[in-house]
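[1] Fold the stuff below for me.
(4 chains)
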2 protein chains.
Amino acid sequence: MLTIGTLAKKTGTKVQTIRYYEQVGLMPEPGRTEGGQRRYGDTELDRLAFIRHARQLGFGLDAIRELLDLSDHPDRPCEEADAIARRQLRQVEQRMARLEALKTELERMIHECSGGRTADCQVLTVLRDHSECLTEHDEIGA
Amino acid sequence: MLTIGTLAKKTGTKVQTIRYYEQVGLMPEPGRTEGGQRRYGDTELDRLAFIRHARQLGFGLDAIRELLDLSDHPDRPCEEADAIARRQLRQVEQRMARLEALKTELERMIHECSGGRTADCQVLTVLRDHSECLTEHDEIGA
DNA sequence: CTTGAACCTCCAGTAGCTAGAGGATGTAAG
DNA sequence: CTTACATCCTCTAGCTACTGGAGGTTCAAG
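    This next block holds a predicted model:
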């Protein structure tokens, strides 16, 4: 039987985060000691490791919920899990494309800044006037 | 004199967002009509455009506050603005590197999934067992 | 039995908005 | 001048995914 602290250490999760996962229904309500402290078994350890790993891969909690659900039903076709992963991949690719555009623009701003007074600073000039931009970029809401 | 709605349209910002910027001190408190409605001039329009553009480039509100401050002092050396932009560029590069690792991992997961039952799904297997991973990836907190 | 680390619940805060309730204002048409 | 109605106002709450702290209890070792 594992305490919440041990579980936290084993999975690299904060204690509060585990309680949060319980609160939002990602982790089950575990057994308790007479005094009311949580005690976990290996099932929960595996589940938490799964969640953490999926988080590291950038999956959102909702996607993880779906993945866990699929994982609990071994006989269902795995197309859904595949679809979730593909969706995630698309998101990653989109984010990368956006970041690529931002990177270009930032590099140009910095490169052209000659290092004088702020009045002539290219960084600030570009920000003042969008038409100075060479690329389209839409980071907001990324 | 522009209403908040007009300002919103011209800059592609939601009305609430403009009020939010005022609340957090990015936008000044504008003049008001007798009835209490906000009225803006071109100064505010420029300032909001600057903010929005910086947001599109991924700058955080704190960085934007600094940039606006620098922009208000034309005689200061522009090294600070340059430094902020370089910091932002580094962040973008780091995020891209992380996303690259995630992309690789996701592609591998998807590629190896043969499309049978979820019991044999490679997507779920990888998530279950981190040691299956070829790359290090740390998206959490990105 | 005592000590101290680890546990408990509950509340608040982070970034950057966004949505909605419930009511006031501004403007153009009739 | 009145009426209609789009737009404005403030205020509160919600979103993601946690994180931190206050104030108090429990567990395990010595």
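
[2] quick check: longest helix of chain A.
    When chain A is parsed with DSSP state H, its longest helix is helix A:79-112.

[3] what's the following helix or strand after that helix?
    Using DSSP states H and E, the helix or strand that follows helix A:79-112 towards the C-terminus is helix A:122-128.

[4] how about that next one against chain B, any contact?
    Yes: under the criterion of Cβ under 8 Å from any Cβ of the partner chain, chain B is reached by helix A:122-128 at A:123-124, A:126-128. (Each C-beta comes from the backbone N, C-alpha and C, glycine too.)

[5] Now pLDDT and distance to A:Leu102 too, for those residues, in a markdown table please.
    Conversion of the residues of helix A:122-128 next to chain B to a markdown table gives the following (pLDDT from 0 to 100; distance: Cβ to Cβ, whole Å):
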| residue | pLDDT | distance to A:Leu102 |
| --- | --- | --- |
| A:Val123 | 89 | 14 |
| A:Leu124 | 91 | 17 |
| A:Val126 | 87 | 12 |
| A:Leu127 | 91 | 13 |
| A:Arg128 | 89 | 18 |
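
[6] possible to save those as a markdown table with neighbour count?
    Shown next, in a markdown table, are these (neighbours: other Cβ atoms under 10 Å in any protein chain shown):
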| residue | neighbour count |
| --- | --- |
| A:Val123 | 26 |
| A:Leu124 | 25 |
| A:Val126 | 24 |
| A:Leu127 | 27 |
| A:Arg128 | 16 |
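
[7] ok, these vs DNA strand C, which is closest?
    A:Leu127 (14.2 Å; Cβ to the nearest atom of the strand).

[8] Surely the closest one and B:Leu70 touch.
    No: the pair A:Leu127 / B:Leu70 is not scored as a contact, 10.2 Å apart, by Cβ atoms under 8 Å.

[9] what residues does stretch A:80-97 touch?
    For stretch A:80-97, the external contacting residues (Cβ atoms under 8 Å, 6 or more residues apart in numbering or on different chains) are A:57-59, A:63, A:66-67, A:70-71, A:142, B:95-96, B:99-100, B:102-103, B:106-107, B:109-110, B:113, B:115, B:118, B:121, B:123-124.

[10] returning to what we had before: roughly how far is the longest helix of chain A from the heart of the chain?
    Taking Cα atoms, centre = their mean, to the nearest Å, one finds helix A:79-112 lying 14 Å from the centre of the chain it belongs to.

[11] Repeat that for stretch A:78-88.
    On Cα atoms, centre = their mean, the centre of stretch A:78-88 falls 17 Å from the chain's centre.

[12] What's the ChimeraX line that selects buried ones from the contacts of stretch A:80-97?
    To isolate the buried members of the contacts of stretch A:80-97 in ChimeraX, using 16 or more other Cβ atoms under 10 Å in any protein chain shown:
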select /A:57,58,59,63,67,70,71 /B:95,96,99,102,103,106,109,110,113,118,121,123,124
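
[13] Right, I'll leave it there.
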